[in-house]
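S.K.: Build me a model:
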Amino acid sequence: MKTFISYASADKKVAERLRDELVKSGLSVWSDSDMTAGEDRRQRIESAIRSASEILVLVGPKYVDDPWQQFTWRAALEAVWQDPDKRLIPILLRGADLPAFVLSGTSGKLEAIRVDDPRNVRGTAQAILDLLGGRRHRGDAGQKGATIFSVSADADGGRDTRLSEIAGYIHQLASPSRRND
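M.R.: A predicted model of the protein is given here:
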């Protein structure tokens, strides 16, 4: 089982500490820090996402500002559409909201993790391991500050509708007026 971790550059330190904690727990985790000089970044990320069984997406409050994370999200959604057994798990940091296109890009129920304190890497890693192992906790005891929750995707939209919604969202993110907000 291989896990891919996506993050915005603003959350790199949190992502690296979380990756280290998950690796200590026995999980095989890939992030862009595993790349070597000279590798084609886009191709390597797409390949890592295709080979992963889980995709962890760290979402901070400034997620729209990072073009590499936007690229990673598009690749992750495409991979999940092509392989319904692949799991996409958003990890919401510092009060971030779940991006609308994540819901519109998935079908059925989506499980996510809300992290109140990103410095609590051990609790966040345990919440991820619990979720991957099929256990759910509510952010108490040793997992203080990391809560697993479920949301349901809109059941009435088909794949074409979801693709259209995502294309509109990406266009909105790419507009110059949006980037200056």
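
S.K.: got any ranges where the chain has weak pLDDT?
M.R.: Residues of the chain meeting the criterion pLDDT under 70: 1, 34-37, 62-65, 101, 103-108, 135-144, 153-181.

S.K.: cutoff 90 now
M.R.: 1-2, 7-12, 30-45, 59-74, 76-78, 80-85, 94-112, 116-120, 131-181 (pLDDT under 90).

S.K.: can you map out the strands along it?
M.R.: 2-6, 28-30, 54-59, 87-93, 109-115, 146-152 (DSSP state E).

S.K.: Please identify the pairing partners of the fifth one and their relative orientation?
M.R.: Think strand 109-115. If you go by DSSP bridges, strand 109-115 pairs up with strand 87-93 (parallel), strand 146-152 (antiparallel).

S.K.: what's the answer for the first one, then?
M.R.: Looking at strand 2-6 with DSSP bridges, its partner strands are strand 28-30 (parallel), strand 54-59 (parallel).

S.K.: which one of those is the most hemmed in?
M.R.: Most buried of the strands paired with strand 2-6 by mean neighbour count (mean count of other Cβ atoms under 10 Å) is strand 54-59; its value is a mean of 24. In this view, the C-beta of every residue, glycine as well, is placed from N, C-alpha and C.

S.K.: and that one, C-alpha only, in PDB?
M.R.: The C-alpha trace of strand 54-59 is given here as PDB (Å, rounded to 0.1, in the frame of the first residue of the first chain):
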ATOM      1  CA  GLU A  54      -4.500   6.600  -1.000                       C
ATOM      2  CA  ILE A  55      -4.000  10.200  -1.800                       C
ATOM      3  CA  LEU A  56      -3.800  12.600   1.200                       C
ATOM      4  CA  VAL A  57      -4.500  16.200   0.300                       C
ATOM      5  CA  LEU A  58      -3.400  18.800   2.900                       C
ATOM      6  CA  VAL A  59      -5.700  21.800   2.500                       C
END
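
S.K.: Only C-alpha atoms, please: export stretch 88-102 in CSV.
M.R.: Below are the C-alpha coordinates for stretch 88-102, written out as CSV (Å, rounded to 0.1, in the frame of the first residue of the first chain):
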residue,chain,number,x,y,z
LEU,A,88,-8.9,10.6,-1.7
ILE,A,89,-8.6,11.9,1.8
PRO,A,90,-8.6,15.7,2.4
ILE,A,91,-6.8,16.9,5.5
LEU,A,92,-8.1,20.3,6.5
LEU,A,93,-5.6,22.5,8.3
ARG,A,94,-6.1,25.7,10.4
GLY,A,95,-9.8,26.0,9.8
ALA,A,96,-9.7,25.5,6.0
ASP,A,97,-12.9,24.5,4.2
LEU,A,98,-13.3,21.5,2.0
PRO,A,99,-12.9,22.8,-1.6
ALA,A,100,-16.2,22.4,-3.5
PHE,A,101,-14.6,20.7,-6.5
VAL,A,102,-13.4,17.9,-4.3
